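A.B. asks: Let's see this in three dimensions:
(2 chains)
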Amino acid sequence: MTDTPLLELRDVTKSFGSVQALTDVDFEVRSGEVMALVGDNGAGKTTLIKCVAGTHAADSGEILFAGQEVHIHGPKDAARLGIEVVYQDLALCDNLDVVQNMYLGREAHDRLQRLKEPPMEQKTAETMKSLAVTTIRSIRQPVATLSGGQRQSVAVARAVMWNSKLVILDEPTAALGVAQTEQVLELVRRLAHQGLAVVIISHNLHDVFETANRITVLRLGRNVGVYEREQTTQQEVVAAITAGMPTKVSGIPQTATGAAS
Amino acid sequence: MSTDVQVVGQDAGPPPEEVSASGVEALVRRGLDNLKSGNLGVLPIVLALVFIVVFFSYRATNFFTSENFGNIIIQMAGTTMLAYGVVFVLLLGEIDLSISYVAGIGALAVAELQKPTSSGSGMSGLIAMPLAIGICIVIGAVQGSIVARIGVPSFVVTLAGFLIWQGVIVYKLAEPGSIIIQDRWINYTGSYYFSHTAGWAIAAGVTGVYALVTLGGIVGSVRAGLKVQNPGLIAAKLLGIAVAAFGVIAVCNRASIQGTPLGLPLAGVIIVVFLVVLTYLAKRTTFGRHVYAVGGNAEAARRAGINVARIRILVFMISSAMAAIGGIILAANVNSVDTNFGGGTLLLDAISAAVIGGTSLFGGRGEVRNAFIGGAVIATVSNGLNTANYNPGTIYMVTGTILLLAVTLDTVVRRLQVKSGR
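C.D. replies: I've put the predicted structure just below:
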């Protein structure tokens, strides 16, 4: 783990009309760690992620990437920084095959816009191999024929392939069975192991405790606390999610033991 | 996705193609795999076409002749052009009801432009035709923009277009009633026949180009270190193309009318050229890939950075351009444009052609060749029933039945596919 967080949010505030979605929220994630972002429905998890992904612009506050202040105005800005988001509903095209989905919107082509299939196929195969995604028989089969876990693997692999530094996963296991969930969680751990910063949003504390190094809890659009997985329990996190008192931890200490209880 | 409960690793993907099998064996095996997985492709409709041809050959003495073969090619050309455009629109999951009268606008435009004026002869068809197509592309751009930028459903926008462009045709032709097309270039699209030698040269050219392109693909794959398709399969495909090309020429060159020898109709070349060019556009370019992506999951395409509105507008422009080309060919077939032009069953024939061939109405699934085969089926049925002296009402009933059967078969097969967990 490096000292400067890869992504750091300071005092981010966002409101939709009269609804205050985020109030002075701090957040950080370091390279090589899995940071879980948890909270009840309406806690502001998705809004926070959308501010990072460029879908929403924060009303105030600053976003630092690798220590530099950045302004993210759209998904392309986020992609340029190396931030990739894997959304809950996957955003895959069922009618296209694995390679076509991996390169969706960023196809390799020559000056005449002709597709260059061989390099795309090659790179997809390499990426799948490096992530040890071995259950997919052919990368030329349509995504519609894949299982839920395989589809999620494709979505994650797509996020990783573009030299991304930060991968954000929104409810990656929500629609999956037990075996497939395990497969995806293993993939998440592997990403962090390869030095990427990973943010995982989940309702499922079991998944969170399986993968995350640290856990950020939001409640009603405010920080409630940041926990080290090693030094906390599911009960403590549940208490924070449901009844945690808003705390303002300036700069977020690396270890936030007892910050909110 | 939610139906998928089997343990990971047991998912039955299509088995990797065997490298050692011979060409025929590989073809048969691929066919069997497709059958098992419920992916019938164009096979049923090709079989249906064969059945139709055999049936009418028995019913009518003058159906299975080389002259009539040329006739069918010319008769299918106009509708098939429209159907090519329909495939792109259906790939997006949209619909374009205006094409038949946009075709009428294209025909009207060439007719007006080539009309001799008081100061001399009219515009040459070689300039009039691109201009007419350009006018229709603008129509497509406007309709597409209303769909893509404002968000009015394409059904409504193009239904309005259907009425508006019909109105324009009736309005413009109210006075003369019809315009005769005298320009030879325009009329060639419906009635030019290549000489026998030119026909053979075209067949040789088609085969040669196909061989070169295939070779290029192999070289590319080898360079990238990827598995090359079965060599036997490649050879079989090449042989198939060669047999088809030379076979068509052999049949066309046997035809003659009142002692004058005919040959390959220009309309046939136009059909094949657009088949190849549009298939290339759909399958080998970023634009085509994005059309499939938007049709499969527009939200995913948008998130992936694809300009969805731009793709939609371009597709409606293609649809109108193909309608204009089809309209010009249809006008050339009768050497005139009248107030009824674009009416009748043209719209429904074009959409049916695409759908009979296997293009989904819900977007994301279909190929340009579907329109080619569907167009051939519709033209053959109509031609056969006419030749065998059936009541014209029969044509509609039979075409309707084929449409229903084709889509029902497709739906049933697809449902079986889902049930088997794939």
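A.B. asks: For the residue of the stretch 101-250 of chain B found nearest chain A, give me its contacts.
C.D. replies: In the stretch 101-250 of chain B, no residue comes nearer to chain A than B:Ala224, which is 3.3 Å away by CB to the nearest CB. All C-beta atoms are positioned from the backbone trio N, CA, C, and that covers glycine. For B:Ala224, the residues meeting the contact criterion (CB atoms under 8 Å, 6 or more residues apart in numbering or on different chains) are A:118-119, A:121-122.
A.B. asks: could you redo the last one with a cut-off of 7 Å?
C.D. replies: Taking CB atoms under 7 Å, 6 or more residues apart in numbering or on different chains as the contact definition, B:Ala224 lies against A:118-119, A:122.
A.B. asks: Which neighbouring elements make contact with the host helix or strand of A:Met35?
C.D. replies: According to DSSP states H and E, A:Met35 maps onto strand A:34-38. Contacting strand A:34-38 under the criterion 3 or more CB pairs under 7 Å, 6 or more residues apart in numbering or on different chains; DSSP states H and E are the following elements: strand A:197-201, helix A:205-211, strand A:214-219.
A.B. asks: Could you report the pLDDT at the residue of the stretch 101-250 of chain B closest to chain A?
C.D. replies: Reading off the per-residue confidence, B:Ala224 sits at a pLDDT of 73.
A.B. asks: Could you do B:Ile249 as well?
C.D. replies: Looking at B:Ile249, its pLDDT is 93.
A.B. asks: same check, this time on the one 3 residues further on
C.D. replies: We have a pLDDT of 91 for B:Cys252.
A.B. asks: Output the helices and strands packed on strand A:34-38 as TSV; include the columns distance to chain B, mean neighbour count and mean pLDDT.
C.D. replies: Shown next, in TSV, are the helices and strands packed on strand A:34-38 (distance: least, CB to the nearest CB, whole Å; neighbours: other CB atoms under 10 Å in any protein chain shown; pLDDT from 0 to 100):
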stretch	distance to chain B	mean neighbour count	mean pLDDT
strand A:197-201	16	26	92
helix A:205-211	17	19	89
strand A:214-219	24	25	90
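A.B. asks: Find the residue closest to B:Lys237 in space, skipping its chain neighbours.
C.D. replies: The spatially closest residue to B:Lys237, leaving aside those adjacent along the chain, is B:Thr214, at 7.5 Å (CB to CB, 6 or more residues apart in numbering or on different chains).
A.B. asks: I misspoke; the intended subject was B:Leu49.
C.D. replies: If you skip the residues right next to it in sequence, B:Leu49 has B:Val377 as its closest partner in space, 5.3 Å away by CB to CB, 6+ apart.
A.B. asks: is it true that that neighbour touches B:Ala354?
C.D. replies: No. Counting by CB atoms under 7 Å, B:Ala354 is not a contact partner of B:Val377; they are 11.4 Å apart.
A.B. asks: Could you pull out the helices in the stretch 201-350 of chain B for me?
C.D. replies: With DSSP state H, counting those that start in this stretch, the ranges of helices along the stretch 201-350 of chain B come out as B:231-254, B:266-284, B:286-296, B:298-303, B:308-334, B:346-356.
A.B. asks: Could you save these as TSV and add columns showing mean neighbour count?
C.D. replies: As requested, those are exported to TSV (neighbours: other CB atoms under 10 Å in any protein chain shown):
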stretch	mean neighbour count
helix B:231-254	16
helix B:266-284	18
helix B:286-296	24
helix B:298-303	19
helix B:308-334	25
helix B:346-356	25
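A.B. asks: Go through those helices and name the closest to B:Arg369.
C.D. replies: Evaluated over the helices of the stretch 201-350 of chain B, closeness to B:Arg369 peaks at helix B:266-284, with 6.5 Å, by CB to CB.
A.B. asks: got the contact list for stretch B:115-126?
C.D. replies: Residues outside stretch B:115-126 that contact it (CB under 7 Å, 6+ apart): B:110, B:113-114, B:179, B:183, B:185-186.
A.B. asks: can you rerun that using 10 Å?
C.D. replies: With CB atoms under 10 Å, 6 or more residues apart in numbering or on different chains as the contact definition, stretch B:115-126 has outside contacts at B:110-114, B:128-129, B:131-132, B:176, B:179-189, B:328, B:332.
A.B. asks: Not counting sequence-adjacent ones, nearest residue to B:Ala174?
C.D. replies: B:Thr339 (7.2 Å).
A.B. asks: which residues of the stretch 1-150 of chain B score low on pLDDT?
C.D. replies: Under the criterion pLDDT under 70, the flagged ranges of the stretch 1-150 of chain B are B:1-27, B:29-41.
A.B. asks: and A:Leu169, helix, strand or coil?
C.D. replies: Local secondary structure at A:Leu169 is given as strand here, using DSSP: H, G, I helix; E, B strand; the rest coil.
A.B. asks: so the residue in chain A sticking out farthest from the centre, which of the three states?
C.D. replies: Distance from the C-alpha centroid of chain A peaks at A:Leu112, with 35.1 Å (CA atoms, centre = their mean). Assigned by three-state DSSP, the conformation of A:Leu112 is coil.
A.B. asks: doesn't B:Thr285 make contact with it?
C.D. replies: Yes. Contact status for A:Leu112 versus B:Thr285: in contact at 8.0 Å, counting by CB atoms under 10 Å.
A.B. asks: residue contacts, the residue nearest to B:Ala174?
C.D. replies: B:104, B:108, B:166, B:169-174, B:176-178.
A.B. asks: Give the ChimeraX command for selecting the buried subset of the residues you listed.
C.D. replies: Provided next is the ChimeraX selection string for whichever of the contacts of B:Thr339 are buried by 16 or more other CB atoms under 10 Å in any protein chain shown:
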select /B:104,108,166,169,172,173
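A.B. asks: what does the stretch 151-261 of chain A have sitting close to chain B?
C.D. replies: Taking CB under 10 Å from any CB of the partner chain as the criterion, the neighbours of chain B within the stretch 151-261 of chain A are A:151-153, A:155, A:158, A:175-180, A:182-183.
A.B. asks: Output stretch B:147-165 as PDB, nothing but the C-alphas.
C.D. replies: Extracted C-alpha coordinates of stretch B:147-165, given in PDB (Å, rounded to 0.1, in the frame of the first residue of the first chain):
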ATOM      1  CA  VAL B 147     -36.500  10.100 -33.400                       C
ATOM      2  CA  ALA B 148     -33.000  10.300 -31.900                       C
ATOM      3  CA  ARG B 149     -32.700  13.800 -30.600                       C
ATOM      4  CA  ILE B 150     -36.300  14.600 -29.600                       C
ATOM      5  CA  GLY B 151     -37.300  11.100 -28.700                       C
ATOM      6  CA  VAL B 152     -40.500  10.800 -30.700                       C
ATOM      7  CA  PRO B 153     -41.100   7.100 -31.400                       C
ATOM      8  CA  SER B 154     -39.900   6.000 -34.800                       C
ATOM      9  CA  PHE B 155     -43.300   4.400 -35.500                       C
ATOM     10  CA  VAL B 156     -45.000   7.800 -35.200                       C
ATOM     11  CA  VAL B 157     -42.400   9.800 -37.000                       C
ATOM     12  CA  THR B 158     -42.200   7.500 -40.000                       C
ATOM     13  CA  LEU B 159     -46.000   7.000 -40.100                       C
ATOM     14  CA  ALA B 160     -46.200  10.700 -40.400                       C
ATOM     15  CA  GLY B 161     -43.600  10.500 -43.100                       C
ATOM     16  CA  PHE B 162     -45.600   7.800 -44.800                       C
ATOM     17  CA  LEU B 163     -48.500  10.200 -45.100                       C
ATOM     18  CA  ILE B 164     -46.500  13.300 -45.900                       C
ATOM     19  CA  TRP B 165     -44.400  11.800 -48.700                       C
END
